[in-house]
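> Coordinates for the following, if possible.
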Amino acid sequence: MAMATTFIIPSFSSSVVAVATTAVAPKLRPASSSSRRTSKCPTAIFSPRIASRPPPQRASSSVIRCSTAPPPPPQSEGPTITPPRPKYIPNRIPDPNYVRIFDTTLRDGEQSPGATMTSKEKLNIARQLAKLGVDIIEAGFPAASPDDFNAVKAIALEVGNAVDPHGYIPIICGSSRCNEKDIQAVWDAVRFARRPRIHTFIATSAIHMQYKLKKSKQEVIDIARRMVAFARSLGCSDVEFSPEDASRSEREFLYEILGEVIKAGATTLNITDTVGITMPEEFGKLIADIKANTPGIENVIISTHCHNDLGLSTANTIAGACAGARQVEVTINGIGERAGNASLEEVVMALKCKGGRILGGLYTGINTRHIVMTSKMVEEYSGLHVQPHKAIVGANAFVHESGIHQDGMLKHKGTYEIISPGDIGLEQTNEVGIVLGKLSGRHALKMKLVELGYDIDGEQLDNIFWQFKAVAEQKKRVTDAEIRALVTDEVFQPTVVWKLHDLQVYLPSFSSLYRGDSDANPSGLKIIANAMQVSCGTLGLSTATVKLISAEGKEHIACAVGTGPVDSAYKAVDLIVKVPATLLEYSMTTVTEGIDAIATTQVLIHGENNHTSRHALTGKIIHRTFSGTGSSMDIAVSSVRAYIVALNKMLGFMALTLAKVPTERTPGSV
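Okay, the predicted model is just below:
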């Protein structure tokens, strides 16, 4: 830990940066003149001063490409070199420039109202997070419910024991309040992993201690110290402690409680901006002050956990890393309580593009080519859709519509793209070599899937292939975006209880279907696989006939009348499934342009039999919701597929609750 390094700390009130050359755990002084540890240079770490020389280059195992621009001249920004992932030691990092990525999608992310996921979905996401290369997976809150406990345990058993050829294995972590019952539950779930971690937290701000905990400062210190010691006594050598609402906590009290939990055995201190109230300069100063004034801080890792209430979570996280934090807590797509958390893809790509030149050499072990796949998986399973303008993974992130922008892109992509789409696993149609059509075979489809970042074999590949052939029969060429839609329709689905076999919708005005009149035939529907057909018009009610296949392989047929093709089809499905459900949201998008485009439908439902859960922060009872996505060239088929996926999720949840005590979320948040 005595190895010296140079890192650069951004001054967010200026366009220039400040440089600090120090050991791994320097004793910086607080910027506050009122502190009992008076600083000789209160603003030293944030004073504007240009770096006199760039950070040294290190050995490389792979080249990081941040843009399609040509190599930059010396001293300028450009591609950086990433060293291999350093050996994992709980309370220190051999390379002082390495930043650990702690993903809390399955814990804080799932606390978003409506974002509940099944155990199978959580396991699938954990597998994908391992492919992404996150250092720590916070798998959940084991004490919240039997289902949460079992999900964390399953992740620990499988993902926590899968070692890749380079020796990488993720740390599996569980979250708990500072009480023995919660901590014991975490240990019982994560101890099956090769690298288990217990994460425990307690509030430290005056407002939380007075109104929520109703405890004094000394009582909170005593609880934190005893619970960290208890976690270590269970045999866990990796214990993380979070002072909840740290950004609003009194500094001297924060230094004291952090010093006590270090002595009790904590290996990581997670500094939280629980309500997302700080500015980047404030948060960077908070990390620097903690680093300067906490006894024993050189023996632990400092972490950040920033919320996005003011839209500053990514900026605050980067500021914390620049000030000395070497673990950052993030979520896929930035999901989480209220306005969400710091977004993994934003933080990682910021470090990738700016780490080498501007941020003093900071880097991560993330395989960024898995970002898009991971984002889509979390979007599908959580039911929280990514807004089109979302940085890195939004639908518009690499789309150029302005004539000026298009002109620049045609001349050189570096004019408007700071990141190559391929760096995050987004291959664009005009940049890949395999073009798929109706004559393409299974091998060509497999190669295309590999090219797009999907590792799919067996029955899933067979199902995608036959869906692809059905689309290819109707189109001359199947685009990458349409293939992704087919993959989503097959891969990101729950355990099958019901499966659509046939759908037929009749309406008295058949002649309007063939007139080509956009008002009479707004959907442009046509026959596709399995003889699914829809007729639309304006002269009467639609009548839908639906054939579903049960999990036992039996066929069930029902007919219903509705106000339109989707309404009548959904009513027919309800007659078969016989489980009341309320449709909360319905939306449809086309994957590509044109009348023959694939339509993707998203629905959100909740059961009418009081399927409820308790909100993790407020304790309020809310309806448990279930999302579904379906894709097809036929919008009625797309709609029914999405509805059936959501129903399958709900039925799967019902099966679990019949076998176990009804789940209730445990109040808690960091």
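
> Spatially central, which residue of this structure would that be?
residue 332 (1.7 Å; Cα atoms, centre = their mean).

> That one touches residue 374, doesn't it?
Yes: in this structure, residue 332 is within contact of residue 374 by Cβ atoms under 8 Å, at 5.5 Å. Yep, even glycine has a C-beta here, placed from its N, CA and C like the rest.

> which residues do the two both contact?
125, 129 (Cβ atoms under 8 Å, 6 or more residues apart in numbering).

> that older thread, what residues are up against the residue nearest to the centre of the chain?
Residue 332 touches 103, 105, 109, 125, 129, 343-345, 374-375, 378, counting by Cβ under 8 Å, 6+ apart.

> Of all pairs in the residues you listed, which one is the farthest apart?
125 and 343 (15.5 Å; Cβ to Cβ).

> show me the biggest helix of this protein in terms of residues.
Ranked by number of residues, the top helix in the chain under DSSP state H is helix 635-659.

> Quick check: next helix or strand after the one helix or strand residue 189 maps to?
Counting by DSSP states H and E, the element that carries residue 189 is helix 180-190. Where DSSP H and E defines the elements, the next helix or strand beyond helix 180-190 is strand 196-203.

> Quick one: mean pLDDT over the helix or strand that that next one is followed by.
Next helix or strand after strand 196-203 toward the C-terminus (DSSP H and E): helix 206-208. Mean per-residue pLDDT for helix 206-208: 97.

> Kindly export the helix or strand just after helix 206-208 (C-alpha atoms) in CSV.
Beyond helix 206-208 on the C-terminal side, the first helix or strand identified by DSSP H and E is helix 217-233. Taking Å, rounded to 0.1, in the frame of the first residue of the first chain, the C-alpha atoms of helix 217-233 are listed here in CSV:
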residue,chain,number,x,y,z
LYS,A,217,-25.0,8.8,18.2
GLN,A,218,-23.4,6.5,20.7
GLU,A,219,-26.1,3.9,20.3
VAL,A,220,-25.6,3.9,16.6
ILE,A,221,-21.8,3.5,16.9
ASP,A,222,-22.2,0.6,19.4
ILE,A,223,-24.6,-1.2,17.0
ALA,A,224,-22.4,-0.7,14.0
ARG,A,225,-19.3,-1.9,15.8
ARG,A,226,-21.0,-5.0,17.3
MET,A,227,-22.7,-6.0,14.0
VAL,A,228,-19.5,-5.7,11.9
ALA,A,229,-17.8,-7.8,14.6
PHE,A,230,-20.6,-10.3,14.5
ALA,A,231,-20.4,-10.6,10.7
ARG,A,232,-16.7,-11.4,11.0
SER,A,233,-17.3,-13.9,13.8
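
> So which other helices or strands are in contact with helix 217-233?
helix 180-190, strand 196-203, strand 239-244, helix 251-264 (3 or more Cβ pairs under 8 Å, 6 or more residues apart in numbering; DSSP states H and E).

> ok so, going back, and the helix holding residue 189 with helix 217-233, angle?
Angle, helix 180-190 to helix 217-233, by axes from the mean of the first three to the mean of the last three Cα atoms, to 10 degrees: 30 degrees.

> tell me how far helix 180-190 is from the chain's mean position?
24 Å (Cα atoms, centre = their mean, to the nearest Å).

> So which of the contacts of residue 332 sits lowest on pLDDT?
residue 109 (83).

> any idea how far residue 217 is from that one?
The gap separating residue 109 from residue 217 is 31 Å, by Cβ to Cβ, to the nearest Å.

> Looking at those two, which is more packed in?
Remark: of residue 109 and residue 217, residue 109 carries more neighbours, 27 against 15, as counted by other Cβ atoms under 10 Å.
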